[in-house]
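Visitor: fold the following, please.
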Amino acid sequence: MPRRYLVVVATFFLSFLLYVDRVCIATAKDPIMADLSLSEKQFGWILSIFALGYALFQTPSGMAADKFGPRKLLASIVAIWSLFTGLTAYAWNFVSMLVVRFLFGVGEAGAFPGMSRAVFSWIPMKERGLVKGINLSASRLGAAATMPLLPFMIAAIGWKMSFIVLMLIGFAWAAIWWFWFRDEPQDHPTITDEEKAYIAANVQDSDAPDKPVGKLPIGHMLKSRNLWLLMIQYGASNYTAYFCLSWLFAYIKTTYDLSFTSAGFYAMIPLLAGGLGCVASGAAVDAIYRAGKINLSRRLPAIVGFALAALGLLMSVGQEGVWGAVFWLSLAVFGVDMILSPSWSFCIDIGGRHAGQVSGTMNMAGNIASAGTALAFPYLQAWTGTTNTFFYLGAGLAAVAMISWVMVDPTKKIEEVPA
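Guide: Okay, here's the model as predicted:
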């Protein structure tokens with residue numbers, strides 16, 4: 001098997017684990033709230049504080065991926081976030097849980113920027129859309145698997161021991177990655193000469209592989225209009241996506257008066273639809289790119305995705321039966337996850353050898369929106385007396401994001417400053 005395919009397999013499992021560890025706290029909401037005597041709003045702050053820590057360290061983690069390489073970065077951060085996954089079991093009150101989950105978010109921050117930097121070195125341009133789609137679909141599959149399976153795990157060994165088991169799995173991935181992966185294909189001990197030559201001829205900067213890497217100061221990077229538009233649309237995307245990772249389980253369970261395990265089954269379905277949206281969009285990105293239409297390959301899947309997201313959110317409001325709500329929310333999540341592959345591919349396009357820093361900055365903006373989502377859902381419900389306001393706002397943000405995609409230009413790379 002080509003070694004770049006094994007890189008995709010390894011990062012697939014990383015993305016899967018990333019979201020299992022992220023979503024497990026939402027699935028374990030009821031026993032955690034009971035053990036720590038938490039209110040709904042306090043639990044909202046716990047979900048939000050993770051997203052804040054995750055957001056604040058996106059750009060620094062991306063810069064670290066560019067400087068130290070994805071081998072060191074990903075092995076380190078997976079070990080760190082796995083440690084705090086385990087330490088979640090030892091939180092004894094609201095404040096201690098806030099601290100642990102904030103640091104857990106800090107630990108997870110470098111995952112996708114690190115993967116983007118690995119993709120830049122290992123994956124040819126014409127394969128990146130599908131690869132990013134596969135990687136990002138794993139995140140949804142991990143979240144989907146957690147919804148129905150974690151309740152059984154909690155019933156068998158308790159929520160605290162469940163978090164400790166997840167910690168040990170993370171340690172194992174970090175060790176395997178450290179011993180097997182190399183930052184550059186030419187340094188891998190088992191890659192063939194043919195594959196090395198193929199990758200070298202088809203990645204960015206292949207015409208100048210020995211060109212010195214320049215600097216990309218944050219102030220200089222933030223002059224990019226493309227980057228600001230990416231940040232806006234990614235925030236709109238995460239508003240809906242993070243709802244599925246934080247409040248969807250509780251919303252389905254409460255609104256339709258479901259049991260713990262039944263709620264997990266229904267909450268899994270939109271996330272599976274999101275995984276399908278990631279792969280479908282990634283394949284579309286590559287197909288349109290191979291037709292020689294780079295602008296359209298990034299714009300069209302994302303615009304269609306946000307249109308579906310807006311429709312699904314609006315139609316989910318007021319559904320009397322759980323299947324109707326799940327169907328429309330699945331359409332919304334399928335649509336909103338269609339934007340992931342073009343978004344991350346776009347960051348690699350314009351960031352080049354600074355792909356980690358650029359993608360981390362976009363992800364930072366998206367997760368600031370995630371922090372807002374975790375609080376917006378319970379607070380909007382309290383202020384307006386209904387959950388409908390939350391979904392109407394999400395549809396409006398999707399419309400703004402569509403306009404952002406019309407205005408971007410993936411051929412306009414962010415130029416480095418000479419070192």
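
Visitor: where does the stretch 301-419 of the chain have low pLDDT?
Guide: 419 (pLDDT under 70).

Visitor: any residues touching stretch 305-314, and which ones?
Guide: Stretch 305-314 is contacted from outside by 233, 236-237, 240, 277, 281, 328-339, 391-392, 394-395, 398-399, 401-402, 405, using Cβ atoms under 8 Å, 6 or more residues apart in numbering. C-beta coordinates here come from the backbone N, C-alpha and C atoms, glycine included.

Visitor: which of those are buried?
Guide: By neighbour count, with 16 or more other Cβ atoms under 10 Å, these hold 233, 236-237, 240, 277, 281, 328-339, 391, 394-395, 398, 401-402, 405 as buried.

Visitor: next step: these restricted to helices.
Guide: 233, 236-237, 240, 277, 281, 328-337, 391, 394-395, 398, 401-402, 405 (DSSP state H).

Visitor: can you give me the helices in the stretch 151-300 of the chain?
Guide: Here the stretch 151-300 of the chain has its helices, by DSSP state H, counting those that start in this stretch, at 159-180, 193-202, 218-221, 225-246, 248-255, 260-290, 294-316.

Visitor: which stretch among the ones you listed comes nearest residue 140?
Guide: helix 260-290 (3.8 Å; Cβ to Cβ).

Visitor: how far off centre is that closest one?
Guide: Distance of helix 260-290 from its chain centroid, counting by Cα atoms, centre = their mean, to the nearest Å, is 13 Å.

Visitor: show me which residues of that helix are buried.
Guide: Within helix 260-290, the residues scored as buried using 16+ other Cβ under 10 Å are 260, 262-264, 266-286, 288-289.

Visitor: now do the contacts for residue 346.
Guide: 226, 230, 298, 408, 410.

Visitor: apply 10 Å and report the result again.
Guide: When contacts are counted by Cβ atoms under 10 Å, 6 or more residues apart in numbering, residue 346 touches 132, 226-227, 229-230, 233, 285, 294, 297-299, 302, 339, 358-359, 362, 405, 408-410.

Visitor: confirm that it sits in a helix.
Guide: Yes - according to DSSP: H, G, I helix; E, B strand; the rest coil, residue 346 belongs to a helix.

Visitor: tell me the angle the helix or strand hosting residue 130 makes with helix 248-255.
Guide: Following DSSP states H and E, one finds residue 130 within helix 128-157. Helix 128-157 and helix 248-255 are oriented at 60 degrees to each other (axes from the mean of the first three to the mean of the last three Cα atoms, to 10 degrees).

Visitor: buried stuff in helix 128-157?
Guide: 128-151, 153-154.

Visitor: per-residue pLDDT, residue 225?
Guide: The confidence metric pLDDT takes the value 94 at residue 225.

Visitor: contacting residues for it?
Guide: 407-409, 412.

Visitor: show the pLDDT at the residue lying farthest from the centre of the chain.
Guide: What lies farthest from the middle of the chain is residue 193; by Cα atoms, centre = their mean that is 33.6 Å. If you check residue 193, the pLDDT there is 89.

Visitor: pLDDT on stretch 241-254, on average?
Guide: Here the average pLDDT along stretch 241-254 is 86.
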